[in-house]
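Q: Let's see this in three dimensions:
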Amino acid sequence: MIKKTVSSGVSCRIIPKKDFIGKEAMIAVKFGSDISGFTLGDRHYTLPAGTAHFAEHKMFECPDGNAMTKMSDMGAEVNAFTTFDMTAYYFTCTENFYENLAELVKMVSKPYFIPESIDNERKIIASEIKMYEDDPWQTNYFALLKKLYGGYMGCPIAGTERDIAKIDANLLELCYDTFYTPKNIMLIAAGDLDEDRVTETAEENFNLPDDKAAEADIIPPNDGKSGRTEVEADIKMPLFGIGARCTEKTDAEDIVKMRIISDCLFGARSEFYQKLLDERLADCLPNTEYMNGRCYNALLVTGSSYSPEKVFEYAKQTLQKCDLNNIKRTVTQQYAALCMRQDNIDGTVNAVASCFAKNTDLLDIYGIYGKIVDNIENFAPILPEMSGLTLSVVCKKR
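A: Numbers count the residues shown, from 1 in each chain. I've put the predicted structure just below:
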């Protein structure tokens with residue numbers, strides 16, 4: 001991986017993939033749904049939930065036409081997404097890479113927020129919100145987060161219809177000027193590329209606002225309560241979500257260790273999953289996630305079962321027992337998967353962006369796994385203190 005910084009201050013990561021046909025570029029911005037407001041100078045601003053996602057939708061609109069349409073006409077597949085801690089704009093292509101890259105950089109550098117188009121976009125996003133509301137898995141996930149962290153974190157990334165009604169062109173312009181600045185942005189490019197030409201294209205087309213001394217309001221990490229929450233939906237088999245807050249971790253080594261522990265306790269070869277199979281409590285592997293960011297660090301286990309309460313009890317016992325007998329196999333498998341991902345351009349680009357948003361570096365993650373593998377006999381991670389153990393259930397409408 002080649003690391004560069006252009007004169008505007010934007011960090012660039014170029015991932016050479018000789019003889020690969022496909023190419024990808026992504027611009028990652030540290031502006032996600034976990035920012036509920038910010039202070040600039042002596043003034044404080046509160047952001048409605050869904051603001052970062054709304055900005056993502058509107059960035060493609062330019063004075064001379066829609067950037068997505070222009071890039072698609074040049075053979076690119078274009079998209080964007082918003083997470084808790086970042087917004088990302090990206091394209092993949094096999095031709096016209098540098099022309100598409102120039103268009104992507106110019107798009108992010110020149111927002112075009114006009115009131116008429118904001119109103120039209122609000123209707124589109126409202127339809128998207130309704131679609132998510134009809135998804136029981138989304139309902140389960142955010143009900144769990146709401147119980148763990150409180151209202152703002154428990155609100156879907158797109159916000160609610162009430163929230164997006166408060167978003168206007170002035171607010172989007174303010175957020176752009178505050179967060180779409182060089183220190184918050186990284187350009188990532190991967191493929192069989194000329195690194196000098198990538199840098200030159202970025203140099204010529206980035207034109208961003210100056211960095212601001214803004215202090216972002218990050219969602220409080222302990223605003224929720226432990227316990228049980230239940231939601232009804234039009235489903236046959238109940239869904240469960242089990243979560244616990246971890247002591248705050250920002251170090252890359254702690255993140256790696258927690259991913260290993262999570263997989264060891266609740267993954268495919270865990271005693272927990274074997275119990276679920278033996279007692280026919282689940283017909284497929286639950287999803288295990290260690291989610292971490294600027295204000296949240298939680299272990300989540302989600303899936304479907306006709307006996308969510310029993311699954312919850314087994315999860316509680318698993319955390320208390322913390323048996324890491326299969327740790328060596330887990331480490332080896334995770335490291336192998338990480339190495340294999342190097343041949344997947346999209347996976348690598350996304351991993352670099354995710355690390356940037358969390359103030360870590362993908363190369364550091366590789367290095368940490370390498371050291372653990374080299375000293376696997378002495379590797380004995382300890383489960384950090386957990387709090388707020390919570391069960392979320394989505395059950396059939398009564």
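Q: Now do the domain split for this structure, please.
A: Following automatic domain parsing, the chain resolves into domains at 2-218, 227-396.
Q: could you redo those as a markdown table and give each row mean neighbour count?
A: For glycine as for every other residue, the C-beta is placed from the backbone atoms N, C-alpha and C. Formatted as a markdown table, the domains of the chain follow (neighbours: other CB atoms under 10 Å):
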| stretch | mean neighbour count |
| --- | --- |
| domain 2-218 | 18 |
| domain 227-396 | 17 |
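Q: in this structure, which spans are helices?
A: With DSSP state H as the criterion, the chain has helices at 51-58, 67-73, 97-109, 115-133, 136-149, 161-164, 169-179, 195-205, 252-266, 271-278, 308-321, 327-340, 345-357, 362-374.
Q: Just tell me which of those ends up closest to C246.
A: Closest to C246 of the helices of the chain, according to CB to CB: helix 252-266, at 6.7 Å.
Q: How far does the closest one sit from its chain's centre?
A: 17 Å (CA atoms, centre = their mean, to the nearest Å).
Q: how near is M107 to V6?
A: 17 Å (CB to CB, to the nearest Å).
Q: Same question for R294.
A: In terms of CB to CB, R294 sits 25 Å off from V6.
Q: And for T302?
A: 41 Å.
Q: any low-confidence regions in the stretch 251-398 of the chain?
A: Nowhere does the stretch 251-398 of the chain drop to pLDDT under 70.
Q: report the longest strand in this structure, please.
A: Secondary structure of the chain read by DSSP state E shows that its longest strand is strand 386-396.
Q: List the neighbouring strands of it plus their orientation.
A: strand 227-233 (parallel), strand 239-246 (antiparallel) (DSSP bridges).
Q: Flag whichever of those has the least confidence on average.
A: Between the strands paired with strand 386-396, the one with the least mean pLDDT is strand 227-233; it has a mean of 85.
Q: That strand to helix 308-321, inter-axis angle?
A: 150 degrees (axes from the mean of the first three to the mean of the last three CA atoms, to 10 degrees).
Q: Give me the contacts around strand 227-233.
A: With CB atoms under 8 Å, 6 or more residues apart in numbering as the contact definition, strand 227-233 has outside contacts at 136, 139-140, 143-144, 146-147, 390-398.
Q: let's see 10 Å
A: The contact list for strand 227-233 (CB atoms under 10 Å, 6 or more residues apart in numbering) reads 133-137, 139-140, 142-144, 146-148, 154, 238-239, 241, 308-309, 312, 388-398.
Q: Please list the residues outside stretch 34-43 that contact it.
A: Counting by CB under 10 Å, 6+ apart, 44-49, 51-52, 83-86, 149, 151-153, 155, 157, 174-175, 177-179, 212-220, 293-296 sit against stretch 34-43.
Q: Lovely, talk soon.
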